[in-house]
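Visitor: Need coordinates for the below:
(one chain, ligands or ions: 1)
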Amino acid sequence: MQEEGRDFTGISFDVGQCDVCEREVLTYPAYEGEAEVICCVHCDARVTNGLRTALGEDLPDFGYGLLELQGCGNPECGGGRCSRMADEEAG
Ligand SMILES: [Zn+2]
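Guide: Numbers count the residues shown, from 1 in each chain. Just a heads-up that it's a prediction; the model follows:
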């Protein structure tokens, strides 16, 4: 476990299951008339299922690769100082 650069640790995010994206997504609160609704950050659809709070360190578990934190897989990368990405294709 690398400790440096994990600034998202301990920060909570609101997430939910987006029917449009068909995955768990980050959400943001919005107002629809007087009612507060939760919307998907990707497609702006209303999210009503699976709402929960996730911690920053949980985000990679459901597809939010924090690239600057994950680095490129090289243990010497240091998280963000290396320009390579893990899934970068040559060319
Ligand atoms: Zn969505």
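
Visitor: Identify the residues contacting residue 52.
Guide: The contact partners of residue 52, taken as C-beta atoms under 8 Å, 6 or more residues apart in numbering, are 14-16. In this view, the C-beta of every residue, glycine as well, is placed from N, C-alpha and C.

Visitor: Mind giving me the ChimeraX select for the residues you listed, buried ones only?
Guide: What follows is the ChimeraX syntax selecting those of these that are buried according to 16 or more other C-beta atoms under 10 Å:
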select :14,15,16
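
Visitor: In strands, which of the contacts of residue 52 fall?
Guide: Counting by DSSP state E, these place 14-16 in strands.

Visitor: rewinding a little: closest one of the contacts of residue 52 to the ion?
Guide: residue 16 (9.2 Å; C-beta to the ion).

Visitor: ok, that closest one touching residue 27?
Guide: Yes. Look at residue 16 against residue 27 with C-beta atoms under 8 Å: they come within range, at 5.0 Å.
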